[in-house]
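Peer 1: fold the following and give me the result.
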Amino acid sequence: MPFWEGKMSIFATRLSVSHVRPIIKVIIPAYNEEASISLVVQDIPRKWVNEVIVIDNASNDQTAERAKTAGATVLTENKPGYGRACLKGMDYLASLPELPDIVVFLDGDYSDYPEQLPEVVAPIVNDEFDMVIGSRAKGEREKGSMTFPQVFGNALATRMMRAFYGVRYSDLGPFRAIRYEALMQLGMEDKTYGWTVEMQLKATKKQLKITEVPVNYKKRIGVSKVSGTVKGTVLAGYKIIWTIFKYL
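Peer 2: Numbers count the residues shown, from 1 in each chain. Okay, here's the model as predicted:
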């Protein structure tokens with residue numbers, strides 16, 4: 001039995017004892033991920049999740065169709081931008097008659113393990129924390145799953161955050177969970193590469209209860225739109241550092 005299945009049964013038992021199952025929604029920004037998006041959606045433990053929302057972010061392939069076939073709600077955001085796609089998903093959540101308790105953010109390239117969702121949400125479900133970062137630095141990474149610029153950039157950014165904000169993060173990983181009410185308090189604005197660091201800095205400034213859990217990481221399907229190009233790497237690095245200074 002995979003380790004996450006054992007943990008899932010433990011968490012499910014805790015929830016059944018409390019007789020309250022939180023409403024969990026998953027937001028997945030996706031740009032040209034037709035080869036991976038259905039795998040991501042299918043691997044999300046559906047007994048834990050009420051709805052999976054894929055935001056097709058200006059794709060020119062079959063991303064939307066594949067996500068829909070896999071059972072996701074598909075939204076369209078024609079203006080490129082990781083943060084912009086996440087904001088589209090948040091706008092959708094705000095329009096629902098029943099708001100979620102927990103929102104999970106996950107990438108659409110199949111580099112994360114969606115099966116680990118119960119571990120990522122557990123600290124919130126157990127009423128101990130407001131936000132959980134899935135830390136690739138603390139988990140097991142497949143060789144070659146992160147490029148040198150990704151590893152270096154994460155280390156530099158987290159050290160800068162520690163120096164300037166006094167907070168100890170080990171990663172800016174995209175796999176994360178947050179209470180819906182806490183998410184709305186943050187006033188998220190970034191529309192591109194600064195989304196993850198903006199969330200972590202604002203959560204720190206709002207004095208949310210934050211923790212990290214180890215998550216595993218594998219080689220993504222296809223080529224990264226950010227770390228796979230020199231331009232994407234430079235722009236992402238610049239935006240992350242700029243965002244760190246912006247909120248000082």
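
Peer 1: helix or strand next in line after the lowest-mean-pLDDT helix or strand in the chain, which one?
Peer 2: Sorted by mean pLDDT, DSSP states H and E, the helices and strands of the chain end with helix 3-18, the least confident at a mean of 45. As assigned by DSSP states H and E, the chain's next helix or strand after helix 3-18 is strand 24-30.

Peer 1: wait, I28 sits on A72?
Peer 2: Yes: counting by CB atoms under 8 Å, I28 does reach A72; the two are 7.4 Å apart. Any C-beta I mention is one placed from the backbone N, CA and C, and that applies to glycine too.

Peer 1: mutual contacts of these two, please.
Peer 2: Common contact partners of I28 and A72 (CB atoms under 8 Å, 6 or more residues apart in numbering): 37, 41, 52-54.

Peer 1: in CSV: those, plus neighbour count, pLDDT and secondary structure.
Peer 2: Shown next, in CSV, are those (neighbours: other CB atoms under 10 Å; pLDDT from 0 to 100; DSSP: H, G, I helix; E, B strand; the rest coil):
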residue, neighbour count, pLDDT, secondary structure
I37, 31, 98, helix
V41, 24, 98, helix
V52, 24, 98, strand
I53, 20, 99, strand
V54, 31, 98, strand
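
Peer 1: turn the residues you listed into CSV, columns for distance to E128.
Peer 2: Putting the shared contacts of I28 and A72 into CSV (distance: CB to CB, whole Å) gives the following:
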residue, distance to E128
I37, 32
V41, 28
V52, 25
I53, 26
V54, 29
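
Peer 1: which two in these are spaced the farthest apart?
Peer 2: Distance extremes for these: the farthest pair is I37 and I53 at 12.1 Å, using CB to CB.

Peer 1: what do those two both touch?
Peer 2: Overlap of the contact sets of I37 and I53 (by CB under 8 Å, 6+ apart) consists of 28, 72.

Peer 1: where in this protein is pLDDT low?
Peer 2: 1-19, 225-230 (pLDDT under 70).

Peer 1: in it, which spans are strands?
Peer 2: Per DSSP state E, the chain carries strands over the ranges 24-30, 51-56, 73-76, 102-105, 131-135, 176-179, 210-214.

Peer 1: among those strands, which is nearest T192?
Peer 2: Among the strands of the chain, strand 24-30 sits nearest to T192 (CB to CB), with 11.1 Å.

Peer 1: and that closest one, how far from the chain's centre?
Peer 2: Relative to its chain's centre, strand 24-30 lies at 8 Å (CA atoms, centre = their mean, to the nearest Å).

Peer 1: what does stretch 69-78 give?
Peer 2: Counting by CA atoms, centre = their mean, stretch 69-78 comes out at 17 Å from the chain centroid.

Peer 1: what about it, how long is it end to end?
Peer 2: End-to-end distance of stretch 69-78 (CA to CA, to the nearest Å): 21 Å.
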